[in-house]
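>>> I would like the atomic coordinates for the input below:
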Amino acid sequence: LGTSRGERFSLGALEMSWQAYVDTNLLGAGTVTAAGIYDLQGNPWAYSAGFAAQVAEVKAVADAMAGEPTSLAATGAVVAGTKYMFVKGDKEEVYVKKGNTGVVFCKCNTCIIVGYHDDKIQTGPCCAAVGKLADFLKENNI
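Numbers count the residues shown, from 1 in each chain. Next up, the predicted model:
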């Protein structure tokens, strides 16, 4: 499996780059403003232009999800230098928000998908788009 930006991997007959998943499945859904796919240590595999989630920021949430996700209630989560308030979360999915914007983190077997929505997009559709891709990747042991 490829794990670097733009690298390709194959799932049987389906072959796509990590970047294509971000561009097609997340941004292409029209319900995610910006997104990225990261390994569980926070290293980026692919991300949308201008999405500036940092390695340490993604790793902090991934670590909380691996341990006690509700610990984020005390600290919130920082994404691209902006602090978000914890709304809900478990070992599979965490949602944080700031005003009418929000970020959803969906954990797969080997990666974490991060999707951001601005104030023009509702939370539900953003979470659904990110969760759908996460489910697909988990079903394919990624």
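>>> Is Tyr84 in contact with Leu72, as I believe?
No: at 9.2 Å, Tyr84 does not count as touching Leu72 under the criterion of Cβ atoms under 8 Å. In this view, the C-beta of every residue, glycine as well, is placed from N, C-alpha and C.
>>> Need the overlap of contacts for those two.
Common neighbours of Tyr84 and Leu72 (criterion: Cβ atoms under 8 Å, 6 or more residues apart in numbering): Val96.
>>> In terms of helices and strands, where is Ala35?
Ala35 is part of strand 34-39, with elements assigned from DSSP states H and E.
>>> Tell me how confident the model is about that strand, as a mean pLDDT.
Averaging pLDDT along strand 34-39 gives 98.
>>> other SSEs contacting the following helix or strand past it?
Later in the chain than strand 34-39, the nearest helix or strand by DSSP H and E is strand 44-47. For strand 44-47, the packing partners by 3 or more Cβ pairs under 8 Å, 6 or more residues apart in numbering; DSSP states H and E come out as helix 18-20, strand 34-39.
>>> Right, I'll call it a day here.
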